[in-house]
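Colleague: need a 3D model of the following:
(one chain, ligands or ions: 1)
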Amino acid sequence: MSLSLDPTQLDRYSRHIIMDEVGPEGQQALLDAAVLVVGAGGLGSPVVQYLAAAGVGTIGVADDDEVELSNLQRQIIHGNDDVGRPKVESAADFVADLNPDVDVETHEVRVEPDNVEDLIAEYDFVVDATDNFRTRYLVNDACTLSGTPFSHGAIYKFEGQVTTFTTEEPCYRCLFPEAPPEGMVADCATTGVLGALPGTIGNIQATETLKCLLGAGEPLDGRMIFYDAMEMSFEEVQFRPNPDCPICGDDPIESVAEVSYAEESCPVNAD
Ligand SMILES: [Zn+2]
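Modeller: Numbering: from 1, shown residues only. Down below sits the predicted model:
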């Protein structure tokens, strides 16, 4: 790593650089880092926004949706004029306006078993910002098998949950071995969500991403935070690795190609 912060960057990131926990080396590490955000919706918006502002040098955005008017109540990186545009393009324009240091790599694709491993391969950290069980398991399985740390966030009405998966701790499948049968859990666009709610969970995901890239603090791994906006409460639950887990257990599979992922009728980014 070579330090090459120019005077503009020293100014832009001065509130980072002044802290011992970040410093110029930490800022350079952020600028040199590549993060993939899967989903440019309610959770992905604050994640993209804060990672770009913080100077994460490469942000991949994977999403195959277009911006709809009903998204704008919570998906804050998209604007009125973006309705009908691909979300990845809207996200890239937002970042370009915020911070020219950041390269956005747009992936206008649906995450599938045959592309997920290639998609995450170029990235240091992955943010699961979808609200779709198929994509959630694909991201978990591909990241865990490749040793890529990632953040998981999910939202529902007035509640959210968030955790970080590192290579040291259990994976999402240790907690929830299989997706619930379709129809059992409301996970679609038909479910409401409070406008500011994804901001709370997404900001925790962005914070965890920056900490991981900086190697600072204690990751939110092996524990999940449950947020209840109505009660305004945060509850932390610890969980353990499952030695029988097919992804991170004693006898793991080698590729997501060995797993069958049920099709879902929900749109990929219904958050
Ligand atoms: Zn596991």
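Colleague: show me what from the chain comes close to the ion.
Modeller: Selection of the chain residues close to the ion by CB under 5 Å from the ion yields C171, R173, C174, C245, I247, C248. For glycine as for every other residue, the C-beta is placed from the backbone atoms N, C-alpha and C.
Colleague: ok, the fourth one touching R173?
Modeller: Yes: the pair formed by C245 and R173 meets the contact definition of CB atoms under 8 Å, at 5.3 Å.
Colleague: give the buried residues for stretch 242-259.
Modeller: Judged by neighbour count (16 or more other CB atoms under 10 Å), stretch 242-259 contains these buried residues: N242, C245, I247, C248, G249, V256, V259.
Colleague: meant to ask about stretch 132-149
Modeller: Counting neighbours by 16+ other CB under 10 Å, one finds that the buried residues in stretch 132-149 are 132-146, 148-149.
Colleague: kindly report the same for stretch 229-240.
Modeller: Buried residues in stretch 229-240, defined by neighbour count with 16+ other CB under 10 Å: A229.
Colleague: try stretch 102-115
Modeller: Using 16+ other CB under 10 Å as the test for burial, stretch 102-115 gives V102, V104, T106, H107, R110, V111, P113.
Colleague: what of stretch 4-11?
Modeller: Judged by neighbour count (16+ other CB under 10 Å), stretch 4-11 contains these buried residues: L5, Q9.
Colleague: and that stretch, average pLDDT?
Modeller: On average, the pLDDT along stretch 4-11 is 96.
Colleague: lowest-confidence helix or strand of this structure?
Modeller: None of the helices or strands of the chain scores lower by mean pLDDT, DSSP states H and E than helix 172-175, at a mean of 92.
Colleague: quick one: distance of that one to the chain centre.
Modeller: On the basis of CA atoms, centre = their mean, to the nearest Å, helix 172-175 sits 17 Å off its chain's mean C-alpha point.
Colleague: what helices or strands is it leaning on?
Modeller: Secondary-structure packing of helix 172-175 (3 or more CB pairs under 8 Å, 6 or more residues apart in numbering; DSSP states H and E): helix 133-146.
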